[in-house]
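Just to be clear, the model below is a prediction. Sequence and coordinates:
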Amino acid sequence: MPDLLYLANSRLPTEKANGLQIAQMCEAFAGAGYAVTLVTARRANTPQMRAAGDLWTYYGIDRTFALRRLPCLDLFRLIPAERIPHVAFLIQTLTYLLVLAVWLVPRRADVFYTRDLFIGLLIALTRPRATLAYEVHQLHRSGLGRRVQGFVLRRSVAIPITGHLAEQVRALGARRVRVEHDGIRRARFADLPARADAKRALNIAPEAFVVGYAGRLHTMAMSKGLDTLVDAIARAAETGADIHLLLVGGPEAGVQLLREQWAALGLPPDRLHTVGQIPPDDVPRHLAAMDVGAMPLPWTEHFAYYASAIKLFEYMAAGCAVLASNLPSTAEVVRDGESALLPPPGDVAAFAAALLRLWGDRDLCARLGAQAQRDAEHYTWGARAARIRAFIEGGG
């Protein structure tokens, strides 16, 4: 059985989506026939995550891979991150890379897999003949960052998560490129309750029309567009549409701002349902209560070209009708009028019109959700891992 080392300088478990992706892909690579070891950093974690249980319990995955945590100098244990974020990050990263380099000296692997540029650089420099798979989630902006990224890409199998990224990594010199979007763990969606039952479990009337959002309300300090969604619900309510909003995620400060916006618009408080941050394995039963899964992202370069949001694939797997901003990265996965409605980003009137269309035509809502659910079968982590292995070993 070939060995795969998944190298990740990550705080695990984490409330962020990258941790879910890493953990589930390690499980999927094991299912694809690799002997997998996840090598991560021994980093300070939040009190909430320390109480969440171990990696496998928190993410609801099987113990099919090994976990190794390497020490590093983590100043976030001692000093609030907002005081010295860049210095603390640099010191933590450099010390992890140093320890990782030493740890790797006596070890061999058939595949070194990472989504971290600096780890990729370490492997490219110290193991030039090794098979390095670099999963690309963004392009570095600085000239030096681009040169380093090009160096790593020319020496690796590149796995960009969007088509636009694929074009850009080829321009940087990548020779072996395969686009693989993010996905879902099929088993998490195997026995979902009926939508009416899922609503009852959350104390929502089974006949209520529920628009939902799952995940963090900001990414890298960028808004996810929830204010646009709330404004659109208010505009739809002016015509008599009684739309409920279910928020699954946080942080609480962001949720509170949306509560205040909801109240200021005069929307009924009993139509806003918030459950805060919950363990990832509990998310699917909440998605099952949603008639519509919303992703109202604003237009930014990151969201338009580099984002492959796990929530999109999980909405699809849960059979939600997808309501998302019409961004290139989203349109690679869902199709307007077939598996989703895709109004322009930030356009409150267009989002309101789409909401009214779904609210007034439940058959359309069901058709979109059913097509999205069928399409989700292509986006399982297991299928993704099998395709990546075949690409690595096939020499394509």
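It's in.

pLDDT-wise, which helix or strand of this protein ranks last?
strand 218-219 (a mean of 76; mean pLDDT, DSSP states H and E).

Just list what that one packs against, helices and strands only.
Contact partners of strand 218-219 among helices and strands, from 3 or more Cβ pairs under 8 Å, 6 or more residues apart in numbering; DSSP states H and E: none. Quick note: C-beta positions are derived from backbone N, CA and C, even for glycine.

List the neighbouring strands of whatever helix or strand comes next after that strand plus their orientation.
Per DSSP states H and E, the first helix or strand lying C-terminal to strand 218-219 is strand 222-223. Its sheet considered, strand 222-223 pairs with strand 218-219 (antiparallel) by DSSP bridges.

Contacts for the strand it pairs with next, please.
Lys224, Gly254, His302, Ala307 (Cβ atoms under 8 Å, 6 or more residues apart in numbering).

cool, and stretch 281-291?
Under Cβ under 8 Å, 6+ apart, the answer for stretch 281-291 is 58-60, 188-189, 192-195, 198-199, 201-202, 204, 209-212, 214, 246, 248, 275, 278, 293, 314-315, 317-321, 358, 362, 365, 369.

now do stretch 131-142
110-115, 117, 120, 123-124, 146, 148-149, 152-153, 155-161, 165, 168-169, 172, 180, 302, 306, 308, 388, 392.

do the same with stretch 121-129
Under Cβ under 8 Å, 6+ apart, the answer for stretch 121-129 is 7, 97, 100-101, 104, 112, 114, 130, 132, 148, 151-152, 155-156.

just stretch 245-265 next, same as before
Applying Cβ under 8 Å, 6+ apart, the set of residues contacting stretch 245-265 is 15, 202, 204, 210-218, 226-227, 229-231, 233-234, 269, 271-278, 283, 286-287, 289-290.

From those, list the buried ones, please.
15, 204, 210-215, 217, 226-227, 229-231, 233-234, 271-275, 277, 283, 286-287, 289-290 (16 or more other Cβ atoms under 10 Å).

Sitting in helices, which of these do you find?
Those of the buried ones among the contacts of stretch 245-265 mapping onto helices are Leu226, Asp227, Leu229, Val230, Asp231, Ile233, Ala234, Val283, His286, Leu287, per DSSP state H.

Once you drop chain neighbours, what's closest to the fourth one?
Here the nearest residue to Val230 in space, its sequence neighbours aside, is Gln261; by Cβ to Cβ, 6 or more residues apart in numbering that works out to 5.2 Å.

secondary structure class for that neighbour?
helix (DSSP: H, G, I helix; E, B strand; the rest coil).

What helix or strand is the closest residue to Ala288 other than its chain neighbours located in?
Counting by Cβ to Cβ, 6+ apart, the nearest residue to Ala288 once its immediate chain neighbours are dropped is Ala198, at 3.8 Å. Following DSSP H and E, one finds Ala198 within helix 195-201.

From the rest of the structure, what touches that helix?
Leu192, Pro193, Ala205, Pro206, Glu207, Ala208, Val210, Arg285, His286, Ala288, Ala289, Asp291.

Check the gap between the fifth one and His164 for me.
In this case it means Glu207. Per Cβ to Cβ, to the nearest Å, Glu207 is found 41 Å from His164.

Looking at these two, which one has more neighbours?
Using other Cβ atoms under 10 Å, the more surrounded residue of Glu207 and His164 is His164, with 18 against 8.
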